[in-house]
Each structure stands twice: as C-alpha cells, then as structure tokens.
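Undergrad: Let me see the structure of the following:
(chains A and B)
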Amino acid sequence: MIDRDLAVRLVVAASTRVNDHQEELSRLDSVAGDGDHGVNMATALAEAARRAEHGDQSTAADVMRSAGSAFHETVGGAAGALFGAFFGALAGQLSKAAAPDAAQLVAGMEKGLARVARVGKAEPGHKTMIDALAPAVRDARESMDRGDGLEAVMAAAARAASQGARATAGMRPSAGRARFAPDHSLGTEDPGANTVALVLESWADQLRSEVRV
Amino acid sequence: MSIRTRRFLNDPARAVAEMLEGYVAVHAGIISLRDGMVVRAVPKAEGRVGVVIGNGSGHEPAMIGWVGEGLFDVNVAGPIFSSPGPAAILRGIEAADRGGGVLLLVSSHAGDIMNAELAIDEAEDQGIDGVEMVVLYDDVASAPKDRITERRGGAGLFFVWKMVGAAAERGDSLEECAAVARKVRDRTRSLSAATGTVAHPVSGQPLGDPEDTTLSVGMGVHGEPGDRLGEDVGADEIAGLMIDRLLDDAELPAGAQVGLLLNNAGSLTLMELSVLYRGARAALERRGIEAVRSWMGPYATTLDMAGFSFAICHMDGELLELYDRTARGAGFTMVGR
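TA: Just a heads-up that it's a prediction; the model follows:
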C-alpha cells in the first residue's frame, strides 16, 4: 500500500536522484534548448521534498498534489507545467482509494500520461517526456495485469522509461522549443524523457530497498 | 572564441528576484513590486481593461520595462527563459483586474502557452470571468506560412504590446483590445540573426555550441539554432536578405507603410545597429515600402547575445493612431503626438 509516509519517501528519492543528475540533464537541454532543465527539475523536486517532509499532508494523494504544486509554483516553463500536471493527475487518482495500491498507482500514471499529452499537445515519437512515460505506463499496466505487486510494477515502468529515454536520441523533435531545429538535436536524448526515467528509477529503487528491509 | 561565463551577480538562483528589487527601486515612480510581480505605481483608471503578460526572464527590458501608462498593468517575470507557473499567472490576472476584464497576452512558446492555459482553467474553476487570452507569434523562421499559428513569438510583438496597451488605456473594451492584438499580430513579421551564443546564468550551460561563431539567421529568443550564413557577408547584404524575406512573407505591395523595429539581442554596438538600420531602409526603398515609424535598441534581448532582429508591422490609420499614443514605462517611453 502507498501510505503517506511512503509517498514522502518516493518524493524525496526522486529529488535526490534528479539532483544527482542535474548537470547531465542541463547539458542535454543545452543542445536544442536553453540549458536549464536539470536546474529547474532539481529546484522543483527539492521544493516538493521540502513540502513533503515538513508539510501537514495526511495522505499519499496530498503529498503528490503538493509535489505537483511545487512544480507549478517554483519553476514554471513547459517542464514545470507538464510535471505539475502529471503529479496532479496522479494525486487525483490516489485520492480515490482509502488505501491506494499498485492498481491506483498504474491508473494514476495513465491519467498523468493523458494529461501531459493534452497540456503539451504531444504524441509518442515527438521526442518529449511522453516517449519515456508512455512505454512506462504501458509496461506498468502489463506487469499489473500479470498479477505483479507494487515493486515489480514500478521496476517494469522504470525499465521501459529508461529504454524510452535512450530511444529519443534517434528522434527528431516535433513539439516544444526544440522543434524549430529538428536536426540539431538528432543524436541527443530528450532531457524531459530522461527526467521521467530518473524519477521512475528512483521510485523502483526505493520500493526495492524497502522490500529487502 | 569563448563565451562570457562570469557575471556580476550574487547567487545566480536569486538573480531574477534581486533584479526585480533593484529595477523597481530605480523606477519607483512608475512601477512597484507586489507579490513578486511588477505592477504600475499608479493603477489604470477603473473600468478599463487590464493587460498582463507572464514570460521568462533574461529578455530585459522585456517585459519588466513595459509596465506603465499606455503599456502593461502587470508583468509576471518567471525564471530565466522559463514561463512562470499557472499560480503566478493567475495572481497576475487578479492584480491586473480594474473591473473592465483582463487580457492575458502570450508570446507563443510551448511553456508560456501551457502555463497560461492552466492559469485560465484555474481562473474559470474559481469563477473569475472576463479573462481573455491571445497567443501571439511573428517569427517567420519558425514555421512556414501555411502553418503560421505554429510560429513563435519574437521582437515584432513589441508592436502588439504598444498598440494593445494604448487601446486599453483609452478605454477600448476587452473584445476590442483582443481584436487589436490579433490584428497587429497578423500584420507583423520578424526574423533574427546572431553570431555565437551566451551561457545560461544559473546552469552555466551555453545555449547551443559555444565554439560555433558562424553568423546564423532565424534563431529563437532562447538561442534556438538557425540557418548559417557565410563568413564574409556585409551588413547591407544581411539586412537586405532579411528584409526581403519579411516582405515576401507578409506579401506587402509597393506603397505600403510599415513600422520598422531593429532589436538588439544584447551586445551589439550602436555602430552595428545603425549600419544595419541603414541597410534595412535601403532594402525597403528598393521594394517601394515606406518606413513611417522606427524603433532601434534593446527590446527583447537574450541576455548579452551578439545578435539582432528586424520586425516590420504593416501600418494603417487605426494602428498609427494607437502607436502614437503616450506610453510611460521604465524601459520605454513615447511622448504622444
């Protein structure tokens, strides 16, 4: 079950992971963007972690909603809008169950993906965060349908997100700022897709470490 | 060739907030800071349309210098090159409300549009009505003409800012102000050029390849790459090919009157700007186009980028009347004729 305290640990884990990789993310962003993606994501997640650890949220849904607000309030930009929308949708789904589990998590990720696609007006293959998120959501759903538990579902999502992020190197962008120079970023992975992969990997690792304990 | 990485700042992450404090202190009679936003020191008359914009920082004097009489009521400055989030934009909408409705102007960039749309959704959810949003674009290099709504915003939008601000100040309705915004947008075109790049003050990352100093045409206001020109192209030739491209795109007939804007993207000298302006006027004359109003200077910058953009706005009687009205901002003043 994903209770409030686990949600706090997941947000903190995501913050730590993205902070450790922020220079690499900014470097990817500098190829066709403005070179600040890593800084922005690390800043927003640090604020999300601060709110999670020191706030008065009483449920996992509240923790995720507050993380979404942190994106919308601290960094803005396209990535801030989209990650904020993802966490907001995830929170909405988690709030529907008294004791949310893998089923709510997967449904929440599906809602998050749909909202990101709507707000960002992007589809798979456009070289955006969706190219990591869509396969992650798909594999998480398959894993759950096979009867896997939370840890295995998140591990499947993380693997797919990571592969999806790697695959963006071969894509030409058709959404966001990078689309104005489509050949320029060929060979470089999309920074937003990488952030999705890092967040989901941090969640998979966190869940794995807790199972072992 | 190296790019400047050393800036005279304190903590780069605090640079935008500290810039706002300093800038507002210099221009205390014109603007003040409220809740992190730049607002007019003397609010517009009640019942008039409020005009607000949220945008990334690093483009100064855009848009902090354009708050004042005949211009914007509120500017919500986001992080460097990033739109502010929806919560901040919503606060800006509320602060701009003088009882006549609020026009939210958006320069077309993915993040700016997304956050503005989320803010409008939130305003609706909270029962705030009388808010209209117009998305603006002018950069001919960013999409072909048959997909004009996919173009991004550039320096030509200063024609929109000026004329919409004047319309709102004189008491035009929300609908009329929005119509002015769309009309000026549809009659405006811009194109940029630059050599080299700049470093992001917070991440330290260059925008693009720091070793590449080729002159390129058609880059975006965040350093998005453009097409490369040869090494030994003179100012007249560059100005000529840029003006021709703008006129072709706008399909202006001989005899048309335009406003001409030459925008300094950051670090060009007055000498270079003046030589380029001269070349642009010659190029317009060859096509039988008259530049009836001109602007030259830093309007929408990209930090201290060594570049510039040209913009033309096809004028008519209505637009000239709005253009010539008084404006008093910290970064822009026009004495009405």
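
Undergrad: Tell me which stretches of the stretch 1-150 of chain B form strands.
TA: Applying DSSP state E, counting those that start in this stretch to the stretch 1-150 of chain B gives strands spanning B:31-34, B:37-40, B:50-57, B:68-69, B:74-80, B:102-107, B:131-136.

Undergrad: contacting residues around the residue of chain A most remote from its centre?
TA: Of all residues in chain A, A:Asp183 has its C-alpha farthest from the mean position, at 26.1 Å, by C-alpha atoms, centre = their mean. The neighbourhood of A:Asp183, defined by C-beta atoms under 8 Å, 6 or more residues apart in numbering or on different chains, consists of A:Arg172. From N, CA and C alone the C-beta is placed, and that goes for glycine too.

Undergrad: right, and B:Tyr23 touches B:Ala330 too?
TA: Yes - counting by C-beta atoms under 8 Å, B:Tyr23 touches B:Ala330, with 6.8 Å between them.

Undergrad: Mutual contacts of these two, please.
TA: With C-beta under 8 Å, 6+ apart as the test, B:Tyr23 and B:Ala330 both reach B:31, B:64-65.

Undergrad: What residues does the stretch 51-200 of chain B have near chain A?
TA: B:54, B:56, B:78-88, B:109-111, B:114-115, B:117-118, B:141-142, B:152, B:199-200 (C-beta under 8 Å from any C-beta of the partner chain).

Undergrad: So which helix or strand of chain A has the lowest pLDDT on average?
TA: helix A:22-32 (a mean of 91; mean pLDDT, DSSP states H and E).

Undergrad: How many neighbouring residues does B:Arg293 have?
TA: Using other C-beta atoms under 10 Å in any protein chain shown, the number of residues around B:Arg293 comes to 18.

Undergrad: which residue packs closest to it, ignoring adjacent ones?
TA: Nearest residue to B:Arg293, sequence neighbours excluded (C-beta to C-beta, 6 or more residues apart in numbering or on different chains): B:Gly259, at 4.4 Å.

Undergrad: Surely that neighbour and B:Asp316 touch.
TA: No - between B:Gly259 and B:Asp316 there is no contact under C-beta under 8 Å: 11.0 Å.

Undergrad: quick one: which of those two has more around it?
TA: B:Gly259 (25 against 11).

Undergrad: mind checking how far the one residue in the stretch 151-300 of chain B that gets nearest to chain A is from B:Thr149?
TA: When scored by C-beta to the nearest C-beta, the stretch 151-300 of chain B has B:Gln205 as its residue closest to chain A, at 3.0 Å. From B:Gln205 across to B:Thr149, the span is 31 Å (C-beta to C-beta, to the nearest Å).

Undergrad: Report the contact partners of the residue of the stretch 151-300 of chain B closest to chain A.
TA: Contacts of B:Gln205 (C-beta under 8 Å, 6+ apart): A:26-27, A:29-30, A:35-36, B:199.

Undergrad: Which of those sits closest to A:Pro135?
TA: A:Pro135 lies nearest to A:Asp29 out of these, by C-beta to C-beta, at 21.5 Å.

Undergrad: Just give me the neighbour total for the closest one.
TA: Neighbours of A:Asp29 (other C-beta under 10 Å): 31.

Undergrad: try A:Arg138
TA: Residues lying near A:Arg138 (other C-beta under 10 Å) number 18.

Undergrad: these two touch, right, B:Asp249 and B:Val140?
TA: Yes - the criterion here is C-beta under 8 Å, and B:Asp249 meets it with B:Val140 at 4.6 Å.

Undergrad: Can you check which residues contact both of these two?
TA: Shared contacts of B:Asp249 and B:Val140, counting by C-beta under 8 Å, 6+ apart, come down to B:Arg189.

Undergrad: who's more crowded, those two?
TA: The residue with more neighbours, out of B:Asp249 and B:Val140, is B:Val140; 24 against 17, by other C-beta under 10 Å.

Undergrad: distance of that one from B:Pro225?
TA: 16 Å.

Undergrad: Please apply the same query to A:Ser209.
TA: 42 Å.

Undergrad: higher neighbour count, those two?
TA: B:Pro225 (23 against 12).

Undergrad: my read: the more buried one touches B:Gly208, true?
TA: Yes - when contacts are counted by C-beta under 8 Å, B:Pro225 is listed as touching B:Gly208 (5.7 Å).

Undergrad: Test my guess that B:Gly255 contacts B:Arg287.
TA: No - contact criterion C-beta under 8 Å: B:Gly255 and B:Arg287 do not qualify, at 10.0 Å.

Undergrad: The two - which one has more neighbours?
TA: The neighbour comparison of B:Gly255 against B:Arg287 (other C-beta under 10 Å) goes to B:Arg287, with 15 against 9.

Undergrad: contacting residues for the more buried one?
TA: Taking C-beta under 8 Å, 6+ apart as the test, what B:Arg287 contacts is B:243-244, B:247, B:252, B:254.

Undergrad: residues from chain A in reach of chain B?
TA: Contact residues (C-beta under 8 Å from any C-beta) of chain A with chain B: A:23, A:26-27, A:29-36, A:38-40, A:43, A:69, A:71-82, A:84-85, A:119-120, A:175-178, A:180-181, A:184.

Undergrad: Tell me the buried residues within the residues you listed.
TA: Buried members of the residues of chain A next to chain B, counted by 16 or more other C-beta atoms under 10 Å in any protein chain shown: A:26-27, A:29-36, A:38-40, A:43, A:69, A:71-82, A:84-85, A:119-120, A:175-178, A:180-181, A:184.

Undergrad: taking those residues one by one, which sit in helices?
TA: If you go by DSSP state H, these have A:26-27, A:29-32, A:38-40, A:43, A:69, A:71-74, A:77-82, A:84-85, A:119-120 in helices.

Undergrad: Show me which helix runs longest in chain A.
TA: Under DSSP H, chain A gives helix A:191-212 as its longest helix.

Undergrad: How far off centre is that one?
TA: What separates the centre of helix A:191-212 from the centre of its chain is 9 Å, taken as C-alpha atoms, centre = their mean, to the nearest Å.

Undergrad: ditto for stretch A:44-52
TA: On C-alpha atoms, centre = their mean, the centre of stretch A:44-52 falls 14 Å from that of its chain.

Undergrad: Quick one: mean pLDDT over it.
TA: Mean pLDDT, stretch A:44-52: 96.

Undergrad: per-domain residue ranges of chain B.
TA: B:12-144, B:188-334 (automatic domain parsing).

Undergrad: just so I know, which of the ones you listed lies nearest A:Glu47?
TA: domain B:12-144 (11.4 Å).

Undergrad: centre of the chain versus the closest one, how much separation?
TA: Relative to its chain's centre, domain B:12-144 lies at 12 Å (C-alpha atoms, centre = their mean).

Undergrad: and what of stretch B:290-307?
TA: Distance of stretch B:290-307 from the chain centroid (C-alpha atoms, centre = their mean) equals 10 Å.

Undergrad: Stretch B:203-222 now?
TA: Offset of stretch B:203-222 from its chain centre (C-alpha atoms, centre = their mean): 19 Å.

Undergrad: ends of it, how far apart?
TA: 14 Å (C-alpha to C-alpha, to the nearest Å).

Undergrad: Likewise for stretch B:64-78?
TA: End-to-end distance for stretch B:64-78: 11 Å, by C-alpha to C-alpha.

Undergrad: B:Gly220 contacts A:Arg177, correct?
TA: Yes - the criterion here is C-beta under 8 Å, and B:Gly220 meets it with A:Arg177 at 6.8 Å.

Undergrad: out of the shared contacts of B:Tyr23 and B:Ala330, which is most surrounded?
TA: Top of the shared contacts of B:Tyr23 and B:Ala330 by neighbour count (other C-beta under 10 Å): B:Ile31, with 29 neighbours.

Undergrad: Kindly provide the distance from that one to B:Met37.
TA: Distance from B:Ile31 to B:Met37, by C-beta to C-beta: 10 Å.

Undergrad: B:Glu175 too?
TA: From B:Glu175 to B:Met37 the distance is 25 Å (C-beta to C-beta).

Undergrad: Over to B:Phe72?
TA: For B:Phe72 relative to B:Met37 (C-beta to C-beta), the value is 11 Å.
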